[in-house]
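> Quick one, fold the following:
(one chain, ligands or ions: 2)
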Amino acid sequence: MQATKNNPSAEKYLGVLVTEIHSVVVATIDDQGLPVTRVIDMMLTDGQTVYFLTAHGKEFYRQLMRTKYVALTGMHGGEGMDRAEASMHVKAISLRGHVENIGTEKIGEIFEENPYMAEIYPNPKAREALRVFKFTDGVGQFFDLSTKPITRADFSLGSATEAPTTGYEITDACVGCGTCLEVCPQDCIEHDVVPYVIEQEHCLHCGNCFTDCPHQAVVRR
Ligand code: SF4
Ligand code: SF4
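Numbering: from 1, shown residues only. Ligands and ions are numbered 1, 2, ... in the order given. Modelled structure (predicted):
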């Protein structure tokens, strides 16, 4: 495993994950090979990775130790608003990657940063059941629906040096006919020059430009 690299964009999104979102849905695979989820708090970040914990008696712990891989999604925002309004004010992060059991390292820091943990595990003896995990590598996506147009960003952790490339892009086959502009819900296609260019940070990945381009100039990234 390569050493963790400094990744400024990851630092920003890990901060959002731990301080703003905090509680996320984490998916693992059970003994039957089926997906299982539960809500887990993202306890701490040092800007390069994120730390969470669980008790060694839990099924979650056994699954983490077996696969050493998780996928998670969390969202935040829209509190106090009605459902329609709230859904337009959401920030969400998804992250998947390998995790490592680092034992009781960081336990003190985690309890310091998350005082509510002392109510769940009130004394040092009870805390002996806890084990801390961290991501050793991973790829993530940030999604902010509160901006107009929406904001999207990819990031990576640790040895996963390449952020995932998803969505669509326009190739030299573009003739500038403008069909894609009419179907893009985010107005995020630059059309000053041909070939047109998708503003990736605002693209919804809806695929309208891909399916409607009469010249097959739009391809998956
Ligand atoms: S629809 Fe296709 S060919 Fe027409 S402007 Fe858009 S990308 Fe270019
Ligand atoms: S995938 Fe959808 S949002 Fe993105 S550029 Fe194409 S039409 Fe616009």
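
> Show me the helices in this protein, by range?
8-15, 59-67, 83-86, 107-113, 117-120, 179-183, 208-212 (DSSP state H).

> Going by mean pLDDT, which of these comes out lowest?
Between the helices of the chain, the one with the least mean pLDDT is helix 83-86; it has a mean of 71.

> Out of the helices of the chain, which gets nearest to residue 142?
helix 8-15 (4.8 Å; C-beta to C-beta). Every residue, glycine included, has its C-beta placed from N, CA and C.

> And the contacts of that closest one?
45, 47-50, 93, 140, 142, 153, 155-157, 163 (C-beta atoms under 8 Å, 6 or more residues apart in numbering).

> Contact partners for residue 219?
Here residue 219 is in contact with 168, 169, 171, 210 (C-beta under 8 Å, 6+ apart).

> Widest-spaced pair of the residues you listed?
The most distant members of the contacts of residue 219, if one measures by C-beta to C-beta, are 171 and 210, lying 11.3 Å apart.

> what touches both of those two?
Common neighbours of residue 171 and residue 210 (C-beta under 8 Å, 6+ apart) are 218, 219.

> ok, the two, which is more surrounded?
The neighbour comparison of residue 171 against residue 210 (other C-beta atoms under 10 Å) goes to residue 210, with 19 against 12.

> Just the pLDDT at the nearest residue to the more buried one once chain neighbours are set aside, thanks.
Leaving aside its sequence neighbours, residue 210 sits nearest to residue 218 (C-beta to C-beta, 6 or more residues apart in numbering; 4.5 Å). You'll see residue 218 listed with a pLDDT of 97.

> neighbours of residue 218, just the number please.
23.

> So what pairs up with it in the strands?
Note on residue 218: beta-bridge partners residue 170, judged by DSSP bridges.
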